[in-house]
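Engineer: Take this sequence and fold it.
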Amino acid sequence: MSSVKRLRPRLNSILFKLQFDEQVNNLRPDIMAVNAACEEVMKSRGFSRLLELVLLLGNYMNAGSRNAQSYGFDLSSLCKLKDTKSADQKSTLLHFLAAVCEEEFPEVTKFSDDLQHVDRASRD
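Structural biologist: Numbering: from 1, shown residues only. Below you'll find the predicted structure:
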C-alpha cells in the first residue's frame, strides 16, 4: 500500500465515483424544486409587475439626477424599500408600495400564489 503513489487521492476518487449516482438521486428533488421555482418566478405576471412598479418608483424618486430613467436595478435594492422613510418618518417606501398595489394593482398583491415552489426551493 505504501508503494502506491497518491493513494489517498485515488481512493477518494474511487469513493466519489461509487457514491455519485446515490448523491445525484438524493439531490434530484431539490434540483427539481429549484428549477420549478425559477420557472414560476420568470413566468409570474404579478411579480414582474411588482418589479416594474419598483423601477417606476425609483425613477420617479431619482428624477433630475443621473440615475433618472434607469432601465433596471439590482435586486439588492429591494432591501432599501423598507429603509426609505417618508418625510414624517412614520412609513416607508415599502408601505407606500403596498398601499398603491392594494388600491391600484390588486393582482400584484397575489403574486405569491404564482410561486408555490419557491418556499420549498429556499429551504436549507
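Engineer: low-scoring pLDDT stretches of the protein, where are they?
Structural biologist: 1-2, 124 (pLDDT under 70).
Engineer: top helix in it by residue count?
Structural biologist: helix 7-43 (DSSP state H).
Engineer: So which bits of that helix are buried?
Structural biologist: Of all the residues in helix 7-43, those buried under the rule 16 or more other Cβ atoms under 10 Å are 33-34, 36-37, 40-41. Just so you know, the C-beta spots here come from the backbone N, C-alpha and C atoms, and that holds for glycine as well.
Engineer: name the element the residue sitting furthest away from the middle of the chain belongs to?
Structural biologist: Distance from the C-alpha centroid of the chain, by Cα atoms, centre = their mean, peaks at Ser3 (51.7 Å). For Ser3, there is no host helix or strand (DSSP states H and E).
Engineer: Could you check how many residues crowd around the residue nearest to Thr84 when sequence neighbours are not counted?
Structural biologist: Using Cβ to Cβ, 6 or more residues apart in numbering and skipping the chain neighbours, the partner closest in space to Thr84 is Leu93 (4.0 Å). Neighbours of Leu93 under the rule other Cβ atoms under 10 Å: 18.
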